[in-house]
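# Only the shape, not the letters, is given here:
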């Protein structure tokens, strides 16, 4: 049982509760009295020795009591620990410095181990074996937190560094020093005590989900029309959802000629969402497939079982194992918003609702309808005719990209020049490039930051035979934004306990800024007032699309918590209905089409555990950051923003651009852009 039960009334863990229940009531009551007496003794003794630190002592002793179990020692040993491990003055500063130094090393080596264990599943190194997936599912850091409690280092932190609630950080953040922030983050590391076997099960569930998603390829070269004719170019293999979505986007270079192909890809997406897709066409280059009639030439006709939703349920059930150990955040939703994002879920939902209901969305839809010369269809959520490609088709962009980057090594060698073109000076560009390693991705692509100084950030993107294609380059630019942030926020930050950014939405913001400059780097970007307006509309339309996707992800997680015994089939039905409901509320009035499930296509919903809301938040943040960059140099100010580190989102944004996180500036810019194009 936890000592805090005697003093503070805080709920104990399930195991501790069972331990209490098995004892006679009289014995439990006596034990509580002894514990309470020893807690008060510890506070009294330390306060007498260090009267100037009385408030910190009381807070520290109570923090230790909230995590102390009988397996950590009896009540007397608890008192002895507190007496021997409280520090002040220079000793306290040494304690802080030592933890910061050691934690960087620990995090760095765990990061290196994770990279090594996941290498075969993350990088395209050939055939993937079951034992590769087993290595990837092993979590070398799973026992770290519990080990820190067992050897009392976690208790040393809790005794000496007061924890701050989110509300306290929001209230006093602007007056906190950098060291204050670092100490607050150090104390938060041991705010919860989750058993290592829970971490291991979570890691395993995510590794299996990643493996499922990373191999979910559709061979479009084998897709045929109702007459048996191939519909797509030879050699075209795309991962769901990313590749399929980007192919739809690329086809707006010639929308009338590509309409039937877009409709076909949309049908494929519907088959995936509804789990009507034949199992034999997933990651299989052999059979032909006609998606509308859903007939397969060679191979089985049986649909994929509800694997997509079984995988999501496995992720949900693994994350749910943490619930009993987070009394302040008892659901995965609470942890993602209150702890990871440090933005209340209600505030995030309100921002997405605002994005989707302001009138400018309908005005942009009207412009798209006019440009396409037809009524809008659900897949037009990915319309990118504002993107400034001119007459550049995907094929032309592929040729330009392949010539510039015939292989992955060519892209890696070009990174210093790309960064210089973005405004970084020669020395900084070289420094960043030296700390970024480029790898061939097995999945769609991602970035993996360094865990300590001396390590590199890893940029992963797909490179097919014949050279990098435009999709791969577009992804690489996105991941380059992540990597630059990761290198800056590790190597040039003052306290490594603050390494990183407030939450993943912020690193997505930088990634979107870089991704938006992809055509500029290829030398095909148009400029001018009209094109600038088109860029704003392109980005706001993308925000409008992903905001609905974020809402679907949020509602699906709430549904799973409300229906903990659901089967994969029931989750599939619920997900489709949720996607349709969100569509009908926010999109049908603009598109004139009801009951589309398309918002449920994103693979992140399956393997990333409520990650999708970070994308619309990232778009909102990216616009505010990019608008700031229009009047201030990108390179210089990006470093300034990144080295603020993992303070609260509200404080980070205020220091970065002098304004709170809000979609209002983006919507206002979109409204002005509509007026510009209507002149």
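Good, I have the coordinates. Remember, it's a predicted structure, so these values are computed and weren't measured experimentally.

# What ranges in the stretch 151-300 of the chain fall below the confidence cut-off?
Scanning the stretch 151-300 of the chain for pLDDT under 70 picks out the ranges 298-300.

# so where do the helices sit in it?
153-160, 166-172, 178-188, 196-214, 242-250, 255-273 (DSSP state H, counting those that start in this stretch).

# Not counting the first one itself, show me its contacts.
When contacts are taken as CB atoms under 8 Å, 6 or more residues apart in numbering, the neighbours of helix 153-160 outside the stretch itself are 56, 60-61, 63-64, 67-68, 72, 81-82, 85-87, 92, 95, 99, 145, 148-149, 186-187, 189-190, 193. Yep, even glycine has a C-beta here, placed from its N, CA and C like the rest.

# Cross these against helices and list the overlap.
Secondary structure defined by DSSP state H assigns 56, 60-61, 63-64, 67, 81-82, 92, 95, 99, 145, 148-149, 186-187 of these to helices.

# picking up where we left off before, which among the contacts of helix 153-160 count as buried?
Neighbour counting with 16 or more other CB atoms under 10 Å marks 56, 60-61, 63-64, 67-68, 72, 81-82, 85-87, 92, 95, 99, 145, 148-149, 186-187, 189-190, 193 as buried within the contacts of helix 153-160.

# OK, contacts around residue 321?
198, 201-202.

# Make JSON lines out of these and add neighbour count and distance to residue 352.
Output for the contacts of residue 321, formatted as JSON lines (neighbours: other CB atoms under 10 Å; distance: CB to CB, whole Å):
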{"residue": "198", "neighbour count": "19", "distance to residue 352": "31"}
{"residue": "201", "neighbour count": "20", "distance to residue 352": "31"}
{"residue": "202", "neighbour count": "21", "distance to residue 352": "27"}
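
# Let me have the residues you listed in CSV, extended by distance to residue 588.
Below are the contacts of residue 321 laid out as CSV (distance: CB to CB, whole Å):
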residue, distance to residue 588
198, 41
201, 40
202, 37
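
# Relative to residue 461, which of those is nearest.
Residue 461 lies nearest to residue 202 out of those, by CB to CB, at 26.9 Å.

# didn't the closest one look like it was pressed against residue 320?
No: between residue 202 and residue 320 there is no contact, the gap being 9.7 Å when judged by CB atoms under 8 Å.

# returning to that earlier point: figure out which of the helices of the stretch 151-300 of the chain is closest to residue 112.
helix 196-214 (16.1 Å).

# Mind giving me the packing neighbours of the closest one?
Helix 196-214 makes packing contacts with helix 89-122, helix 130-137, helix 144-150, helix 307-320, helix 604-607 when contacts are defined by 3 or more CB pairs under 8 Å, 6 or more residues apart in numbering; DSSP states H and E.

# Kindly calculate the angle that that helix makes with helix 89-122.
40 degrees (axes from the mean of the first three to the mean of the last three CA atoms, to 10 degrees).

# Tell me how far helix 196-214 lies from the chain's centre.
Remark: helix 196-214 is offset 15 Å from the chain centroid, using CA atoms, centre = their mean, to the nearest Å.

# Walk me through the domains of the protein.
With domains defined by automatic domain parsing, the chain comprises 335-387+527-617+625-630+648-678, 394-522.

# Of all those, which one is nearest residue 243?
Going by CB to CB, the one of the domains of the chain nearest residue 243 is domain 394-522, 6.6 Å.

# For the closest one, give the mean pLDDT please.
Taken as a whole, domain 394-522 carries a mean pLDDT of 91.

# Pull up the distance across that domain, start to finish.
13 Å (CA to CA, to the nearest Å).

# repeat for stretch 510-525
Start-to-end, stretch 510-525 (CA to CA) is 19 Å.

# List of residues touching it?
Applying CB under 8 Å, 6+ apart, the set of residues contacting stretch 510-525 is 387-390, 392, 397, 400-401, 404, 418, 421-422, 447, 473-474, 477-482, 484-485, 535, 539, 618-619, 622, 625-626, 629, 634, 638, 642.
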